[in-house]
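Novice: Below are the sequence and a predicted model; questions follow.
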Amino acid sequence: MRHVRSIWNGAISFGLVSIPIKLVNATESHSISFRQIHLEDGGRIRYRKVCELEDREVTTSEIGKGYQDADGTIIPITDDDLSQLPIPTARTIEIVGFVPAERIDPLQMDTAYYLSANGVPAAKPYTLLREALKRSNKVAIAKFALRGRERLGMLRVVDDVIAMHGLLWPDEIRVPEGVAPDTNVTVRDQELDLADALMDTLGEVDLEELHDDYREAVEELIAAKASGEEAPGPPAREKTGGKVLDLMAALEKSVRAAKESRGEEAEGAAGSADDDTSAEVTPLRSRKQAAGKSSRSAPKEVGGKKSTSAAKKTAAKKTASAKKTTEKKTAAAKKTTAKKSTAKTTAKTAKTAAKTSAKTTAKKAAPRKRASA
């Protein structure tokens, strides 16, 4: 806080208690600013302040404020005129009451500031107000003047610091008339269940982990151009073709993708694990036509499943029959081979026996012939 320049010095008026404070910006912009240049030679484009009556450039010290009336007349207004206005909030943040924080509509939220105690004497009343706000669980509503106009503010405690949010006046909030869809749309319970499931799956988010991807991309682009390198190309985007996704299918696919990204099993949401949850692209047509078509196509799908099952059974029977036939043929072939082998063995045995018998007979006959001789 010591190194941040205060933009306003004043006091908090808390009943009869006055707390000297300094106003410090609580936020900062990280947006990348661009300059206007002349495309032909890269020269800076600057705006000059010229008096239209004298047709000459004027300095800052010559410029003041003026209010233009309905007829075009300019009424000069000086800083002294504004400082003399009987406004109690000219240098004071005047607390006018305390309300629960949920009473404040976020639409009213504007710029945020930190309130710093200005000097040692301010420490005690500053701490008193801070602790009172903590214990009451309420926020303080205050009025203050800044940059030429009176404003509305909300004081609350952030850590050990009192912060003030600028609030828009109630009449500065537009009524959202004509913004909501002008057609009668009915949301089914199944769609709400899927939306709830998607919200539960996505869960909470750590705001500290979020960052500005666009600003980082611009910084990379500037760095690449400054170093003479090729600028990074745009990421690939999925083309939708201008068609409308089926809402139920898109919700189911979103739940599945969210679960997969968190390492969970991609089960079907809301008891539809067995359904086909792919987000098919359907042409634009009325809900009645879509419902009629889906109801007519349901019996065909069931019938298709039955015919497929029957075909599978028939194919299984044919396969079993073919296996049995093959087994029979194989057994018969084995028997035939065995018979042939046995016959060959028997024939060889007979031939061997005949030869042996012939040799024996010849040997017996030889001595007889020698004796007769």
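Specialist: Perfect, thanks for sending it. Numbering: from 1, shown residues only.
Novice: Flag the shaky bits of the stretch 251-373 of the chain, pLDDT-wise.
Specialist: Where the stretch 251-373 of the chain drops to pLDDT under 70, the residues are 264-373.
Novice: same thing but at 50, please
Specialist: Applying pLDDT under 50 to the stretch 251-373 of the chain flags the ranges 266-315, 366-373.
Novice: again, but for the stretch 51-200 of the chain
Specialist: Using pLDDT under 50 as the threshold, the predicted model of the stretch 51-200 of the chain has no low-confidence range.
Novice: Show me where this structure has its helices.
Specialist: Secondary structure of the chain (DSSP state H): helices located at 79-83, 123-136, 189-202, 213-226, 247-261, 287-372.
Novice: What is the neighbour count of Leu251?
Specialist: Leu251 is surrounded by 23 other residues when neighbours are defined as other CB atoms under 10 Å. From N, CA and C alone the C-beta is placed, and that goes for glycine too.
Novice: which residues touch it?
Specialist: Contacts of Leu251 were listed using CB atoms under 8 Å, 6 or more residues apart in numbering, and they are Glu191, Leu194, Ala195, Ala197, Leu198, Ala269.
Novice: do Ala195 as well
Specialist: Residues near Ala195 by CB under 8 Å, 6+ apart: Leu251.
Novice: State the distance from it to Leu23.
Specialist: Noted for Ala195: a distance of 43 Å to Leu23, by CB to CB, to the nearest Å.
Novice: ditto for Leu251
Specialist: Relative to Leu23, Leu251 is positioned 47 Å away (CB to CB).
Novice: looking at the sheet around the closest residue to Ser13 other than its chain neighbours, what are its partners?
Specialist: Distance criterion CB to CB, 6 or more residues apart in numbering; nearest residue to Ser13, sequence neighbours excluded, is Glu94 at 4.5 Å. Per DSSP bridges, the residues bridged to Glu94 are Ser13, Lys143.
Novice: Test my guess that Glu94 contacts Ala142.
Specialist: Yes: here Glu94 reaches Ala142: they are 5.8 Å apart, a contact under CB atoms under 8 Å.
Novice: So those two - more neighbours on which side?
Specialist: Each of Glu94 and Ala142 had its neighbours counted (other CB under 10 Å), and the higher figure belongs to Ala142 (22 against 18).
Novice: Looks like that one contacts Glu150 (just checking).
Specialist: No: with contacts defined as CB under 8 Å, Ala142 does not count as touching Glu150, sitting 10.9 Å away.
Novice: Gly166 versus Leu146, what's the distance?
Specialist: Using CB to CB, we find Leu146 at a distance of 8 Å from Gly166.
Novice: what does Gln68 give?
Specialist: Applying CB to CB to Gln68 and Gly166 gives a distance of 26 Å.
Novice: try Cys51
Specialist: Per CB to CB, Cys51 is found 34 Å from Gly166.
Novice: Those two - which one has more neighbours?
Specialist: Under the criterion of other CB under 10 Å, the comparison of Cys51 against Gly166 puts Gly166 first, with 16 against 11.
Novice: Quick check, the more buried one in contact with Gln108.
Specialist: No: if you go by CB under 8 Å, Gly166 and Gln108 don't touch, sitting 9.0 Å apart.
Novice: Mutual contacts of those two, please.
Specialist: Residues touching both Gly166 and Gln108 comprise Leu152, with contact defined as CB under 8 Å, 6+ apart.
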